[in-house]
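> when you get a sec, could you give me coordinates for this:
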Amino acid sequence: MRPLITLLGLFLLGELVSGCTSFKDATFANYQAFAEPSGEYFDTPLASGQIIMTGSKAPTDILLGLLPQEFSPYIHLGIVMIDDGEPYVYDETGDPSLNLDPEVPPTSTIEGMVRRVPLERFVDRYFYAEIFEPAGADRAKVAQFARHHLAAQTPFDRYFNYNDDSAFFCAEFVARAIEHGGGERATIAPNRPNRSVSVVMGWLGVPEETIETSSLVDQSNPVVRMSSYSDSEILALNAVKQEFHRRFTADQAIGNLFRWDGLRPIMRINGQRLLDKSLARAKTLPPDPQLIQAEVRAIADRLYGEFGD
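Reported below is the predicted structural model:
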């Protein structure tokens, strides 16, 4: 049992810590601005102190999305900054060193700090990204917090302890910045109960709790959306992830949805079919959330059987 826990623990840890050229709107096939120009970066609404959240279809990110009690489509967070006329993302990441001793949790080997990444390069890693105003916070103070901790090289919080403000994990970095800017303290909620996940998280020494991203921004009101995919495809991806989350009950094992290739999870065949069929179907549909969710559920029912609300 210990080798399997070690393997899964190394994977989850690697994903938890990772995340966590000039930008031009023409870079993305789907670039939408939902607010007036900020005056900071050409004719876009981009401004220092805004919050960026990303969505991904990678199996690793789908797996991590199963953990929180409250479903969130977002996998990694950062803070938008305009430095010397160019947009960047400040985020907190860490990297675990290879540790093959099954008795030593790899959390003890993580090293990392706040970094600065060009916005375009940051967004290119994901299926889509959305930018929001920080909830109830002064953007200038959020930006001040980000710059301070970049300069201070504030380390990555290897144990994901929100009560330790000497180091941050990715969502904590954003949450603390918002709090510094006058926003409310982030909502911390326990992960959903699941034995297969609890065993691994306990071995890693990581709390079974999550910062609720909905407490950091108004997720219904993005300032900018950027993606190489259509809105219908984005809605379909989120609906698939939500369907996985809905069906991943306390009695489910991670192995029911994923198999392993070394440290890398691979979607099992029906999961990959659900994702592929849903994204293909979305290309023929208007960006109607209810319609697309109904289509995704219908595909899931055919693959897995019906599952009540």
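
> quick one, helices of the stretch 1-150 of the chain?
Under the criterion DSSP state H, counting those that start in this stretch, helices of the stretch 1-150 of the chain are mapped to 2-18, 59-64, 119-124, 139-151.

> for the second one, packing partners?
This means helix 59-64. Using 3 or more Cβ pairs under 8 Å, 6 or more residues apart in numbering; DSSP states H and E, the elements in contact with helix 59-64 are helix 2-18, strand 264-267. (Each C-beta comes from the backbone N, C-alpha and C, glycine too.)

> helix or strand right after the last one?
Using DSSP states H and E, the next helix or strand after strand 264-267 towards the C-terminus is helix 269-282.

> and the gap between residue 180 and residue 151?
15 Å (Cβ to Cβ, to the nearest Å).

> which of those two has more residues huddled nearby?
A direct count of neighbours by other Cβ atoms under 10 Å for residue 180 and residue 151 places residue 180 higher, at 18 against 9.

> bridged to the spatially closest residue to residue 122 that is not a sequence neighbour, which residues?
Counting by Cβ to Cβ, 6 or more residues apart in numbering, residue 89 is the residue found nearest to residue 122 once chain neighbours are left out, at 4.3 Å. Residue 89 forms beta bridges with residue 80, residue 117, as assigned by DSSP bridges.

> low-confidence stretches in the protein?
1-26, 96-107, 262-263 (pLDDT under 70).

> for the chain, what spans make up the strands?
Using DSSP state E, the strands of the chain run over residues 30-33, 51-55, 76-83, 86-95, 111-118, 128-132, 188-190, 209-211, 224-227, 258-261, 264-267.

> kindly reformat those as JSON lines containing distance to residue 160.
Formatted as JSON lines, the strands of the chain follow (distance: least, Cβ to Cβ, whole Å):
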{"stretch": "strand 30-33", "distance to residue 160": "33"}
{"stretch": "strand 51-55", "distance to residue 160": "18"}
{"stretch": "strand 76-83", "distance to residue 160": "14"}
{"stretch": "strand 86-95", "distance to residue 160": "10"}
{"stretch": "strand 111-118", "distance to residue 160": "12"}
{"stretch": "strand 128-132", "distance to residue 160": "23"}
{"stretch": "strand 188-190", "distance to residue 160": "11"}
{"stretch": "strand 209-211", "distance to residue 160": "8"}
{"stretch": "strand 224-227", "distance to residue 160": "28"}
{"stretch": "strand 258-261", "distance to residue 160": "22"}
{"stretch": "strand 264-267", "distance to residue 160": "20"}
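
> mind checking those strands for the one nearest to residue 143?
strand 76-83 (6.1 Å; Cβ to Cβ).

> so how far is that closest one off the chain centroid?
Centroid separation between strand 76-83 and its chain, computed with Cα atoms, centre = their mean, to the nearest Å, is 14 Å.

> ditto for stretch 283-297
For stretch 283-297, the distance to the chain centre is 22 Å (Cα atoms, centre = their mean).

> again with stretch 222-242
13 Å.

> could you do stretch 57-75 as well?
That offset, for stretch 57-75, works out to 7 Å (Cα atoms, centre = their mean).

> and what of stretch 184-200?
On Cα atoms, centre = their mean, the centre of stretch 184-200 falls 15 Å from that of its chain.

> outside of that stretch itself, list whatever touches it.
By Cβ atoms under 8 Å, 6 or more residues apart in numbering, the surrounding residues in contact with stretch 184-200 are 5, 8-9, 12, 66-70, 135-136, 162, 171-172, 175, 178-179, 201, 208-212, 214-216, 248-250, 252-255.

> centroid residue for the protein?
Centrality entry for the chain: nearest residue to the mean C-alpha point is residue 75, 0.9 Å, by Cα atoms, centre = their mean.

> isn't that one right up against residue 57?
No - contact between residue 75 and residue 57 fails when scored by Cβ atoms under 8 Å: they sit 10.0 Å apart.

> before we move on, back to that, just the buried members of the contacts of stretch 184-200?
5, 8-9, 12, 66-68, 135, 162, 171-172, 175, 178-179, 201, 209-212, 214-216, 248, 252, 254 (16 or more other Cβ atoms under 10 Å).

> one step back: residue 238: which of the strands of the chain is closest?
Per Cβ to Cβ, nearest to residue 238 of these: strand 51-55, 6.6 Å.

> helices or strands up against that closest one?
strand 76-83, helix 119-124, strand 128-132, helix 231-247.
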